[in-house]
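1. Based on what follows, work out the 3D shape:
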Amino acid sequence: MAKMVVLLVLFTFFLSFINKEVGCKRIYREDHMELKRQPKLLHKFAKKTIRTKYGDTYDCIRINEQHFNYRSLKNLTYDFPVRSTSNPKGIRDQKSSSLFNPSNFWLNGKGCPDGMVPIKRYTEDDLKRAKLATEIHNSKYKPLTVDRPGTHYAIVRTKNTNIVYHGGSAIISIYNPKVEGTQYSSARIKVINGPESIEVGWTVNPTLYNDTQTRLYTFTKTSSSSCFDTLCNSLIPVRTDIPLGMPLESISTPEQQFDLQLMLFWDSSNGNWFLKFGQDETVIGFWPKNVFTALGDGANYVEWGGEVFSPPDVPSPPMGSDRNLQQDIKYDAYCKKIKTINETDYVVNAVDTEKLSDIKPYYDVFDEGITGSADFQHLILFGGVGGYTGD
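-> Model prediction:
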């Protein structure tokens, strides 16, 4: 009897092992097939192919046909807005560097034809790297804990005051910190509500982009998906000439600073989030309300600053300008004119903020507050040399 019980246990274990192996192989096979399917599907909708002087290839897709890649939208009739139906109020007098000229970026000098948007052409290898980059970047947001070993922050954010924010904006200085392997180094604005978030800024991320150029990026986290740029069912681009993931060629030095003006705006009239770019606050993309649960009703936090990642056993990369902070915008990375958009859609200087930074002196942030200077208004300085090894 005892022998039969042992045999039965062993047989049950064997069946369980086989089922797990088969299940793993099935999941791997489905995942692999999806990676093969996506590039073909993207290319199918291309009406024209264009290239940049940096060697990137983009497919031009009709604005109203983008829903094929957005599962949450594919059964809906949706009016793709090129602009937000309401606009933030208040005199902003924002001044930032003029960074983008289509004639110097696209080989054809202009981008896609009218009515089409550039979607980067991804190979199967690109998608594998993007998936890895997303897995690295995507986890529960709890700074200064072991939940994200190897991830470090130097940020300023709004305090928990139960305020609903309709967005945030800033002018962010541009640098090219040195990273390697799966490391990344970013500077960004982020809006958060519960587990959902949108961030936009610049990043150096060789896992994602297969190079070490500084690039414009977005990262979206919803209740059901997370992705960079246009790689999942969230952000919909609307410009013919300004692509996400584009290289930012002008890098700051002590002699000359270059910066990037960005705004995330929640349009309360329709619940969509809009990404505004540059001095003229050009809308370059939007997130439909229905891709979110919490963020579809606005944000409860806004934050600004830097973030880096390195595997725990590899010295962490630089953040910002790759210097210890000197409290001088010639040498430090900055976010100037940091603002929030309040419940009446007015753009106002960010107030009632708090700092979050870890592993000093490797990374740090100074909140200079409202400086009294029209050029800086509410200013923060952030960055560090990196070099930390551990969690």
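2. Assumed residue 128 was part of a strand.
-> No - using DSSP: H, G, I helix; E, B strand; the rest coil, the secondary structure at residue 128 is helix, not a strand.
3. I'd say residue 109 and residue 53 touch.
-> No - applying CB atoms under 8 Å as the test, residue 109 and residue 53 come out as separate, 10.3 Å apart. Where C-beta positions appear, they are placed from N, C-alpha and C, glycine not excepted.
4. hang on, residue 303 packs against residue 198?
-> No - Residue 303 is not in contact with residue 198 according to CB under 8 Å; the separation is 11.3 Å.
5. Can you work out which residues contact both of these two?
-> Here residue 303 and residue 198 have residue 190 as joint contacts, going by CB atoms under 8 Å, 6 or more residues apart in numbering.
6. What number of neighbouring residues does residue 350 come out with?
-> Residues lying near residue 350 (other CB atoms under 10 Å) number 26.
7. One more: the one 4 residues further on?
-> If you count neighbours by other CB under 10 Å, residue 354 ends up with 12.
8. who touches the closest residue to it other than its chain neighbours in this structure?
-> Leaving aside its sequence neighbours, residue 354 sits nearest to residue 159 (CB to CB, 6 or more residues apart in numbering; 5.3 Å). With contacts defined as CB under 8 Å, 6+ apart, residue 159 is in contact with 352, 353, 354.
9. so what's the last one bridging to?
-> Here residue 354 sits in beta bridges with residue 157, going by DSSP bridges.
10. Retrieve the pLDDT associated with it.
-> Note for residue 354: predicted pLDDT of 95.
11. From residue 303, how far out is it?
-> From residue 354 across to residue 303, the span is 10 Å (CB to CB, to the nearest Å).
12. what touches both of the two?
-> 156, 157, 158.
13. How many neighbouring residues does the first one have?
-> Going back to what we said before, that points to residue 156. Count around residue 156 with other CB under 10 Å applied: 27.
14. ok, now which ones touch it?
-> 303-305, 335, 338, 350, 353-356, 365, 367, 380, 382.
15. What of the second one?
-> For residue 157, the contact set (CB under 8 Å, 6+ apart) comprises 301, 302, 303, 304, 353, 354, 356.
16. That one and residue 191: what is the separation?
-> Taking CB to CB, one finds residue 157 at 10 Å from residue 191.
17. Overlap in contacts, the two.
-> 301, 302.
18. Quick check: residue 291 touching residue 222?
-> Yes - applying CB under 8 Å, one finds residue 291 in contact with residue 222, separated by 5.5 Å.
19. Next, count neighbours for the closest residue to residue 306 other than its chain neighbours.
-> Once flanking residues are discounted, residue 306 sits nearest to residue 319: 4.4 Å by CB to CB, 6+ apart. Neighbourhood size, residue 319 [other CB under 10 Å]: 30.
20. And residue 135, its phi and psi?
-> Backbone geometry at residue 135, expressed as degrees, to the nearest 10, gives phi -60, psi -40.
21. Right, I'll call it a day here.
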